[in-house]
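Asks: here are the coordinates; sequence isn't available:
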């Protein structure tokens, strides 16, 4: 009977209670969205590259090597020679290797020289491959393949001609050797989207008439002649390595790090990504902070609403008391109400979250490269919900204690 | 057998140490079956006295005995039980839980009182029966309390106060929100039911014209002295 009357009481205050539930569920939804984004951002970040066992480059810190080879941020301090690369590739442990050559750019987008293996070996999000959306991979020396972001932002399509600029912020362009778009990749949400990909030979080709970063005056080799030249690279910037057996990774890594001919570094991408996340992960802590503040505000809001409804309900509580309810029962009724409101809010927030996520997921993925998981609630979410219910019981104690005080002292005097 | 249903002896009460409102009740007794009208102006301490009798408030000293039990010696829980077992209360106005239906309002005390619920074999039937005797419409059980007129609400409040035959009914100015005609009808019905139940009635009012219906008329100033 108490439960029935308690529910009728809530129903009678449908508008106030409804608004409270909506307010709380929106706050909870905000909290869960922030949490989802936070964890999804982490997963998407650490999934930028997967199934690559080692990344090698010139001697540098693991974060720096990771930044320029995968995220194309910053510059390599040095290159590694093609001979050293071949020495690594020829190691028994190595299953496959993809060389990468960086240094040039096109309208602010990095140009990366590699071979066709890159498209089959580079994996992200736990093993997803890069797919071609339009056209084909480079066939001709002057073919380029564009990341989805480059094509979209520059408005390029198949057959669009383009000129590669020397360096990153240089006014000197390789305008004597124009390229042509042969293929456009599907959106991946990784730095590949913002990369202009050419063959390693093409990188060599555009630098035929260049020496130590500058064009040799008066020298202009005709394209036909370049096409006939041996365009095997002399240097590369980095390489992605896959091993035959995971057990040999550390041995190979040590071998590369101790390679006597040249100072090289081999890093484990997973570990480097974790390390890098710790640097950029400040944002994560910020988001977590926001989440906690949101929950806190919600609880305070709920208490405020309960307090304000309390004065309206003094008469009701006096009736309860007169009918034999103990002050404890009155307190219990208020706490029951708090539990009911929080459980209802949690349910509504979960519905709202899944509804909005299922609508927004493709959009977030497309625009921000973050794949938000729309899956069942995690154990952590359940834990948060239980804590929220417990906290709402705790905060409802404040108005409940006031109600207790009212019900003890009002007696029959209240005449509202 | 104790003939007094209410017996107050040397009771002193004030709200707080700072409050100037202090009362002293040297001696106040009501016999079983009596219908007593307690007269007094507003602010004279009538409701405080009722709160003391119901056990909502605790006296600083003295004793209050209801139906043979000294309630100010009881634990808070026992006191709540004792109140609902022995006393039916009718407030001045806004007597009912507005969101509950009429029957739920009437049977509410039975939920808290084993004694009163033992006196009722079928709660719903008893409630409906009381409604009928109080001339409430036949389909009254279809209504929520909030949809009733003030007069009807007060009659439902009487039904609630009487269900399970409590020995004492306390009414705090129950007619003040009714017009004169409605007052008379309400009082007729209330008296009829209280007589049927053989309950004692202590009603508080400032309206002296109601006196003729009661066995005894007491002025609040004769009961308590203010110690301001």
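Replies: Noted; the coordinates are in hand. What you are looking at is a predicted structure, and each value in this text was computed from that prediction instead of being measured.
Asks: next SSE downstream of the helix or strand hosting residue B:204?
Replies: Residue B:204 belongs to strand B:200-205 when assigned by DSSP states H and E. Going down the chain from strand B:200-205, the next helix or strand is strand B:216-219, by DSSP H and E.
Asks: which strands and helices sit next to that next one?
Replies: Using 3 or more Cβ pairs under 8 Å, 6 or more residues apart in numbering or on different chains; DSSP states H and E as the contact test, the elements touching strand B:216-219 are strand B:35-39. (Glycine included, C-beta is placed from N, CA and C.)
Asks: how about residues contacting the strand holding residue B:204?
Replies: B:5-6, B:30-40, B:46-47, B:50, B:53, B:167-176, B:191, B:194, B:210, B:214 (Cβ atoms under 8 Å, 6 or more residues apart in numbering or on different chains).
Asks: which of the residues you listed count as buried?
Replies: Buried members of the contacts of strand B:200-205, scored by 16 or more other Cβ atoms under 10 Å in any protein chain shown, are B:5-6, B:30, B:32, B:34-40, B:46-47, B:50, B:53, B:167-175, B:194, B:210, B:214.
Asks: out of the residues you listed, who's near chain A?
Replies: B:47, B:50, B:172 (Cβ under 8 Å from any Cβ of the partner chain).
Asks: can you list those in TSV and add secondary structure?
Replies: Compiled in TSV, these are given as follows (DSSP: H, G, I helix; E, B strand; the rest coil):
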residue	secondary structure
B:47	helix
B:50	helix
B:172	strand
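Asks: which helices and strands does whichever strand or helix holds residue B:170 pack with?
Replies: Assigned by DSSP H and E, residue B:170 belongs to strand B:168-172. Counting by 3+ Cβ pairs under 8 Å, 6+ apart, the packing neighbours recorded for strand B:168-172 are helix B:46-54, strand B:87-90, helix B:150-162, strand B:200-205.
Asks: mind redoing it with 6 Å?
Replies: In terms of contacts (3 or more Cβ pairs under 6 Å, 6 or more residues apart in numbering or on different chains; DSSP states H and E), strand B:168-172 is packed against strand B:87-90, strand B:200-205.
Asks: residues touching the helix or strand that comes right after that strand, excluding its own?
Replies: Past strand B:168-172, further along toward the C-terminus, the next helix or strand under DSSP H and E is helix B:180-197. Residues from elsewhere that reach helix B:180-197 (Cβ atoms under 6 Å, 6 or more residues apart in numbering or on different chains): B:134, B:151, B:154, B:158, B:162, B:165, B:169, B:175, B:178, B:201.
Asks: which parts of helix B:180-197 are buried?
Replies: B:182, B:183, B:186, B:187, B:189, B:190, B:193, B:194, B:197.
Asks: what's the angle from that helix to strand B:168-172?
Replies: 170 degrees (axes from the mean of the first three to the mean of the last three Cα atoms, to 10 degrees).
Asks: what about helix B:180-197, distance to the chain center?
Replies: Computed by Cα atoms, centre = their mean, to the nearest Å, the chain-centroid distance of helix B:180-197 equals 14 Å.
Asks: now it against helix B:150-162, angle please.
Replies: If you take the same axes, to 10 degrees, helix B:180-197 sits at 20 degrees to helix B:150-162.
Asks: tell me the mean pLDDT over helix B:180-197?
Replies: In this model, helix B:180-197 carries a mean pLDDT of 85.
Asks: which ones are touching residue B:53?
Replies: Contact analysis of residue B:53 by Cβ under 6 Å, 6+ apart lists nothing.
Asks: what about it, distance to residue A:188?
Replies: 80 Å (Cβ to Cβ, to the nearest Å).
Asks: please apply the same query to residue B:29.
Replies: Distance, residue B:29 to residue A:188, by Cβ to Cβ: 92 Å.
Asks: okay, the two: which has more neighbours?
Replies: It is residue A:188, of residue B:29 and residue A:188, that has more neighbours when counted by other Cβ atoms under 10 Å in any protein chain shown, with 21 against 14.
Asks: could I get the phi/psi values of the more buried one?
Replies: phi -120, psi -20 (degrees, to the nearest 10).
Asks: how many residues are close by whatever residue of the stretch 51-200 of chain A ends up closest to chain B?
Replies: Residue of the stretch 51-200 of chain A nearest chain B, by Cβ to the nearest Cβ: residue A:189 (52.5 Å). The local packing of residue A:189 (other Cβ under 10 Å) involves 22 other residues.
Asks: next: the one 3 residues further on.
Replies: Residues near residue A:192, counting by other Cβ under 10 Å, number 26.
Asks: out of everything not next to it in sequence, what's closest to it?
Replies: Using Cβ to Cβ, 6 or more residues apart in numbering or on different chains and skipping residues adjacent in sequence, the residue nearest residue A:192 is residue A:147, 5.1 Å away.
Asks: surely the one you found is in contact with residue A:191?
Replies: No - counting by Cβ atoms under 6 Å, residue A:147 stays clear of residue A:191, with 8.0 Å between them.
Asks: between these two, which one's more packed in?
Replies: Set residue A:147 next to residue A:191 and count neighbours by other Cβ under 10 Å: residue A:147 wins out with 25 against 21.
Asks: does residue B:24 belong to a helix, a strand or coil?
Replies: Per three-state DSSP, residue B:24 ends up strand.
Asks: having no further points to raise, I will conclude here.
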